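# Need a 3D model of the following:
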Amino acid sequence: MRNKKSLKRAQLKIQQMVFMLLAITLFFALAGMFVLVFKFSELKDSASALEEKNALLLVTKLANSPEFSCGKAFGNTKLNCIDADKVMMLKENIERYSGFWDVQNIEIRKIYPKTSKNTECTIANYPNCNFIRIFPREIASEYSNFVSLCRKGSFEGEVYDKCEMARLMVSYNGK
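Prediction:
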């Protein structure tokens, strides 16, 4: 009889130990999942920040690319200077560049001097307009940088450089 009581007591102790081990294992599994959720949310935030940084670098890269930049046409080599005449010719031949940049839209908007009308630039109304849209698509989210928008102008037979302040806005695929 005493052996049966000892056996039942031993079995009860083993069951208590098994339940305790299961509870500890479950606790550490839940704690580990909790930590993983926080780490993945931080990873998502850092991925968004990295995507935004890449887009801003792309905007600067576009402003200084040969297709956009002023180069030495306006004196010294200027950073973040866009040649408006080049961009207008690029806009007219954009089919050749459709897959060249991984962007959804490129838009250059004059911000100074301020104009009252919102007019898209075409060959017919250039330079009496205030924004140039390279890829005419809907914009989801855009990243921008301030640039100088320069062109050659003439006054009474004299050719001069005319630079205006603008924003280069890019809608980025982020792939």
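# going forward, measure contacts between C-alpha atoms and count neighbours the same way
OK.
# check which helix or strand covers the residue sitting nearest the centre point of the chain.
Nearest residue to the geometric centre of the chain (Cα atoms, centre = their mean): residue 55, 3.1 Å. Per DSSP states H and E: residue 55 is located in helix 2-63.
# hmm, back to that, and the residue nearest to the centre of the chain, how far from residue 114?
Per Cα to Cα, to the nearest Å, residue 55 is found 27 Å from residue 114.
# same thing with residue 5?
95 Å.
# do the same with residue 85
Counting by Cα to Cα, the gap from residue 85 to residue 114 is 20 Å.
# Name the residue in the two with the higher neighbour count.
More crowded of residue 85 and residue 114, by other Cα atoms under 10 Å: residue 85, with 17 against 10.
# helix/strand/coil for that one?
At residue 85 the chain is in helix, as set by DSSP: H, G, I helix; E, B strand; the rest coil.
# so it makes contact with residue 151?
Yes. Under the criterion of Cα atoms under 8 Å, residue 85 makes contact with residue 151 at 6.0 Å.
# Just give the nearest non-adjacent residue to residue 86, would you?
residue 68 (6.4 Å; Cα to Cα, 6 or more residues apart in numbering).
# ok, that neighbour - how many residues close by?
By the criterion of other Cα under 10 Å, residue 68 has 21 neighbours.
# cool, residue 63 as well?
24.
# Would you mind measuring from it to residue 52?
According to Cα to Cα, residue 63 and residue 52 sit 17 Å apart.
# what does residue 171 give?
Plainly put, residue 171 is 11 Å away from residue 52 if you go by Cα to Cα.
# what does residue 38 give?
Counting by Cα to Cα, the gap from residue 38 to residue 52 is 21 Å.
# more crowded one of the two?
Neighbours were tallied for residue 38 and for residue 52 using other Cα under 10 Å; the higher tally belongs to residue 52 (16 against 11).
# Now do the contacts for the more buried one.
Residue 52 sits next to residue 143 when contact means Cα atoms under 8 Å, 6 or more residues apart in numbering.
# ok, 10 Å please
Counting by Cα atoms under 10 Å, 6 or more residues apart in numbering, residue 52 makes contact with 46, 58, 142, 143, 172, 174.
# Number of residues surrounding residue 90?
Counted with other Cα under 10 Å, residue 90 comes out at 16.
# overlap in contacts of residue 85 and residue 151?
Common neighbours of residue 85 and residue 151 (Cα under 10 Å, 6+ apart) are 70, 127.
# Please list the residues outside stretch 82-93 that contact it.
The contact list for stretch 82-93 (Cα under 10 Å, 6+ apart) reads 62-71, 73-74, 94, 96-97, 108, 121-123, 126-127, 132-135, 147-152, 163-164, 166, 168.
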